[in-house]
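> dropping the sequence and predicted coords here.
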Amino acid sequence: TQYSYDLSQFGGQSVYLTVHCVSVDRFYLFLDDFLVTATGASDIDDFVEIIPTSFELCQNYPNPFNPSTRISYSIPELTKVKLTVFDINGKVIEELVNDNQKPGTYTLTWNAIDNSTGIYFIRLETSDFTKVRKMMFVK
């Protein structure tokens, strides 16, 4: 299902929207509050930027997975981001992101084909936020 809203009545203004826990085929995405702004444009259709207002690491989908899974996260400000996969023993398996990133919502795919079946953890870490989620890889 896709939803769209006409925000033209707010042209040139900042608009705060709230979306809570959207479920599509067991995929849960928690967006919370985010900011929609029209910057430097005379019409909101010219340029719309969606800026999350909080940090979030969403549960990977699918979970359990074989051999790949999608990981989504949101950051509300320019910050150094580390996204790391660990095994059950705390060993770093792969560092997916280690870079400064602009505010936004990001999605990437992790392929575990060369790893053993088991439980893994994904950790999102910034200077102001750390969150860990459990993932299950089943061959």
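That came through fine.
> which residues does residue 130 bridge with?
residue 125 (DSSP bridges).
> go on, the one 4 residues further on?
The partner list for residue 134 in beta bridges (DSSP bridges) reads residue 121.
> show the contacting residues for it.
119-121 (Cβ atoms under 8 Å, 6 or more residues apart in numbering). Heads up, the C-betas are built off the backbone N, CA and C, glycines and all.
> quick check: which ranges of the chain have low pLDDT?
1-49 (pLDDT under 70).
> which parts of it are strands?
In the chain, the segments counted as strands under DSSP state E are 15-19, 22-24, 27-29, 32-37, 49-52, 56-57, 68-75, 79-87, 92-101, 104-111, 118-125, 130-137.
> top of the contacts of residue 134 by neighbour count?
Most neighbours among those, by other Cβ atoms under 10 Å: residue 120, with 22 neighbours.
> residues in contact with the closest residue in space to it that isn't next to it in sequence?
Distances taken as Cβ to Cβ, 6 or more residues apart in numbering place residue 135 nearest to residue 120, at 4.7 Å, with adjacent residues excluded. Residue 135 sits next to 60, 63-65, 69, 85, 119-122 when contact means Cβ under 8 Å, 6+ apart.
> burial measure for residue 98, as a count.
Using other Cβ under 10 Å, the number of residues around residue 98 comes to 11.
> how about it, nearest residue that isn't a chain neighbour?
Here the residue nearest residue 98, using Cβ to Cβ, 6+ apart, is residue 82, at 5.2 Å.
> cool, thanks, signing off.
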